[in-house]
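Student: fold the following.
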Amino acid sequence: METVTPFKEIVDAIKASGGDAFKYCYQCGMCDTVCPWNRVGSFSMRKLVREATFGLTEIESEDIWRCTTCGKCPQVCPRGVRQIESGIALRRIATEYDVFPKAVEPIRTIAANLRAEGNPFGEDRAKRTKWADGLQVPQFAEGMEFLYSPGCYLSYDPRAKKIARATVEILNRAGVEFGILGPQESCCGESIRKTGDEALFKSLARQNIATLVDRGVKKILVSSPHCYHTYTHEYPEFMVHFEVVHISQLLNRLLADGRLQLKTEYAKTVTWHDPCYLGRHNGVYDEPREALKKVPGLQLNEMAESRKDSFCCGGGGGRIWMETPKAERFSDVRLGQAIGVGAQVLITACPYCITNFEDSRLNVKNGEAIEVKDITEVIRDAL
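Tutor: Numbers count the residues shown, from 1 in each chain. Okay, the predicted model is just below:
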């Protein structure tokens with residue numbers, strides 16, 4: 001039996017959880033026209049907002065968990081409904097009631113892992129630096145230029161570890177002074193907040209902030225756009241401000257300043273995928289492209305849906321931890337677009353995107369013929 005809360009309770013709860021803007025919706029349907037879900041199936045953000053307005057939302061419905069927070073609907077909404085905040089508000093209510101549909105059940109395990117080990121994988125906190133074995137990666141000390149925060153995926157996932165190692169090789173080659181926190185670092189909390197667990201997010205954020213302030217951190221270098229977004233826009237809610245730099249921004253700066261010399265030809269046709277939380281949410285479009293254009297022999301072919309119109313990989317909003325049927329995976333559509341422009345390599349700069357695209361290589365026709373690379377791996381190979 002589905003759980004339905006009374007009208008006033010659901011409306012008041014949505015407002016209290018930050019979703020008050022839903023009342024501005026006048027049902028134009030623009031959100032549904034750009035939603036990536038409607039390229040692989042059927043989903044209506046407009047319907048969710050309408051139900052929320054009248055307090056009819058069934059918090060056991062899987063629909064409230066579908067939004068990947070890609071950001072396409074807010075940029076076309078004429079009324080400022082703030083669909084992402086409204087959707088997260090519904091998830092907060094479901095989390096408070098401990099109501100999770102079958103496809104969302106893994107979130108319970110993710111939350112437990114974050115509480116126990118500070119990472120969503122539940123891996124031993126003490127092994128957070130295993131990715132750096134054999135590399136020159138010092139512990140961060142006050143006065144260093146950057147704290148490098150690889151994030152959870154790059155610390156534990158076998159494929160993503162290669163990105164962290166490529167990043168360190170580049171930083172060392174360019175003479176960048178940096179250090180890491182290692183076991184003292186916990187997840188930034190971005191994805192668990194998007195799934196509605198506000199209390200756990202705040203706990204992780206406060207723990208991280210205390211460590212960062214105690215260590216004297218001023219500048220944070222990140223590989224994940226999700227970490228970038230949270231450190232830049234959400235941690236200031238706790239009255240702290242760090243300078244946050246995404247690795248694609250630093251790469252472009254190092255190349256422009258001559259601190260990196262690319263001498264090895266990378267004679268391949270590539271395309272660039274704008275991650276939602278690097279592009280639409282934070283406006284970082286030019287730096288990664290400028291960096292790639294400096295690679296000898298590289299030919300960059302743009303996909304039709306690029307920059308602010310980039311097509312989501314499907315991993316945001318906590319969806320990276322949820323079950324998505326093969327026929328409904330956004331990343332399959334995006335990989336097909338990359339193949340369609342003749343790319344031999346699909347390049348991006350987000351661990352969620354990398355993970356989803358690597359999976360899609362096994363699902364999409366001719367998928368195994370295209371490589372999936374992080375921008376750091378391409379720059380490293382061209383050094």
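Student: quick one, strands of this structure?
Tutor: 146-149, 178-179, 219-222, 243-246, 269-272, 299-300, 345-348, 371-374 (DSSP state E).
Student: out of the ones you listed, which gets nearest to Phe357?
Tutor: Among these, strand 371-374 comes nearest to Phe357, with 4.4 Å by Cβ to Cβ. No exception for glycine: its C-beta is placed from N, CA and C like everyone else's.
Student: quick one on the thing from earlier: including distance to Gly122 and mean pLDDT, could the strands of the chain go into CSV?
Tutor: Compiled in CSV, those are given as follows (distance: least, Cβ to Cβ, whole Å; pLDDT from 0 to 100):
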stretch, distance to Gly122, mean pLDDT
strand 146-149, 20, 98
strand 178-179, 26, 98
strand 219-222, 22, 98
strand 243-246, 27, 98
strand 269-272, 33, 98
strand 299-300, 39, 98
strand 345-348, 26, 98
strand 371-374, 24, 98
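Student: turn these into a markdown table, including mean neighbour count and distance to Arg92.
Tutor: Formatted as a markdown table, these follow (neighbours: other Cβ atoms under 10 Å; distance: least, Cβ to Cβ, whole Å):
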| stretch | mean neighbour count | distance to Arg92 |
| --- | --- | --- |
| strand 146-149 | 24 | 26 |
| strand 178-179 | 19 | 36 |
| strand 219-222 | 22 | 26 |
| strand 243-246 | 19 | 25 |
| strand 269-272 | 22 | 35 |
| strand 299-300 | 16 | 41 |
| strand 345-348 | 24 | 30 |
| strand 371-374 | 22 | 32 |
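Student: report the contact partners of the residue nearest to Leu90 when sequence neighbours are not counted.
Tutor: In space, Leu90 comes closest to Ile64 once its chain neighbours are excluded; the distance is 4.4 Å by Cβ to Cβ, 6 or more residues apart in numbering. Shown in contact with Ile64 (Cβ atoms under 8 Å, 6 or more residues apart in numbering): Leu48, Thr57, Gly87, Leu90, Arg91, Ala94.
Student: can you check Phe357 too?
Tutor: With Cβ under 8 Å, 6+ apart, Phe357 has these contacts: His273, Cys313, Ser331, Arg334, Leu335, Leu346, Thr348, Val372.
Student: domain ranges for the chain?
Tutor: Domains of the chain are assigned by automatic domain parsing as 7-102, 104-252, 261-382.
Student: what residue is smack in the middle of the protein?
Tutor: His226 (3.7 Å; Cα atoms, centre = their mean).
Student: just put the contacts of Phe357 in JSON lines and tack on distance to Gln207.
Tutor: What follows is those, written out as JSON lines (distance: Cβ to Cβ, whole Å):
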{"residue": "His273", "distance to Gln207": "32"}
{"residue": "Cys313", "distance to Gln207": "29"}
{"residue": "Ser331", "distance to Gln207": "32"}
{"residue": "Arg334", "distance to Gln207": "35"}
{"residue": "Leu335", "distance to Gln207": "37"}
{"residue": "Leu346", "distance to Gln207": "35"}
{"residue": "Thr348", "distance to Gln207": "29"}
{"residue": "Val372", "distance to Gln207": "33"}
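Student: just give me the closest of those residues to Glu185.
Tutor: Closest to Glu185, out of all of the contacts of Phe357 and judged by Cβ to Cβ, is Thr348, at 23.3 Å.
Student: so that closest one bridges to which residues?
Tutor: Residues in a beta bridge with Thr348, per DSSP bridges, are Asp374.
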